[in-house]
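*Asks:* One predicted model, sequence on top.
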Amino acid sequence: MSKVFPPRLRTSGHSTASYAIVASKFNQEFVQSLVDNAHTELNALEPGANIVLVWTPGSFEIPLFVQATAELNRFQAILALGVILEGETEHARLIAEAVTRSLMDISLKHKVPVIHEVLLVKDEAQARARCMGTEHNRGVEAARAAISAARKLPEIV
């Protein structure tokens with residue numbers, strides 16, 4: 001696990017920004033923690049921001065829902081949150097690779113930051129450390145990345 005963690009951004013005043021969180025119900029114990037931490041951090045850094053939560057059945061479906069969300073042209077950034085546990089076959093890796101490629105394609109096509117925190121982890125201990133820990137919580141990291149990208153992108157487009 002990377003020890004580099006993005007610093008906390010400056011809190012804005014009352015925000016009119018909108019963010020979408022697209023999250024998988026599969027491995028929900030871990031994903032719910034990512035969602036909760038991302039939501040808390042978004043609220044802390046962008047008070048008053050509109051935050052929409054969309055649940056998907058699993059991680060494989062996340063790109064479809066991210067694309068549908070991006071097509072609405074209402075969000076400054078979209079956070080994709082999920083947990084894929086490696087198994088004994090290549091199935092998990094195939095899903096993770098497809099999700100990664102799809103999320104990048106959607107971001108580029110719609111010119112909206114899509115924050116990829118669909119985690120491929122070896123076991124529940126890794127999931128717990130990344131999703132439920134406080135030192136390097138990927139939900140917090142996703143929120144910080146989303147706000148940073150949402151603030152920066154309008155400066156260059």
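*Replies:* Thanks, I have it.

*Asks:* where in this structure is pLDDT low?
*Replies:* The model of the chain has pLDDT under 70 over residues 1-14.

*Asks:* Now do the strands in it.
*Replies:* 18-24, 50-56, 77-85, 114-121 (DSSP state E).

*Asks:* doesn't Pro63 make contact with Ile95?
*Replies:* No - Ile95 is not in contact with Pro63 according to C-beta atoms under 8 Å; the separation is 10.5 Å. (C-beta placed from N, C-alpha, C; glycine too.)

*Asks:* Between these two, which has more neighbouring residues?
*Replies:* Pro63 (23 against 18; other C-beta atoms under 10 Å).

*Asks:* Distance of the more buried one relative to Ala98?
*Replies:* 8 Å (C-beta to C-beta, to the nearest Å).

*Asks:* in stretch 80-95, what's buried?
*Replies:* 80-85, 92, 95 (16 or more other C-beta atoms under 10 Å).

*Asks:* For that stretch, list the C-alpha coordinates in PDB.
*Replies:* Coordinates of the C-alpha atoms in stretch 80-95 are reproduced here as PDB (Å, rounded to 0.1, in the frame of the first residue of the first chain):
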ATOM      1  CA  ALA A  80     -16.200   5.100  -8.500                       C
ATOM      2  CA  LEU A  81     -16.000   2.900  -5.400                       C
ATOM      3  CA  GLY A  82     -15.800  -0.800  -5.100                       C
ATOM      4  CA  VAL A  83     -13.800  -3.800  -3.700                       C
ATOM      5  CA  ILE A  84     -12.800  -6.800  -5.700                       C
ATOM      6  CA  LEU A  85     -11.200  -9.700  -3.800                       C
ATOM      7  CA  GLU A  86      -8.800 -11.800  -5.700                       C
ATOM      8  CA  GLY A  87      -9.700 -15.400  -5.800                       C
ATOM      9  CA  GLU A  88      -8.000 -18.500  -7.200                       C
ATOM     10  CA  THR A  89      -9.000 -17.800 -10.800                       C
ATOM     11  CA  GLU A  90      -8.300 -14.800 -13.100                       C
ATOM     12  CA  HIS A  91     -11.900 -13.600 -12.800                       C
ATOM     13  CA  ALA A  92     -11.200 -10.800 -10.400                       C
ATOM     14  CA  ARG A  93      -8.300  -9.500 -12.400                       C
ATOM     15  CA  LEU A  94     -10.300  -9.500 -15.600                       C
ATOM     16  CA  ILE A  95     -13.100  -7.500 -14.000                       C
END
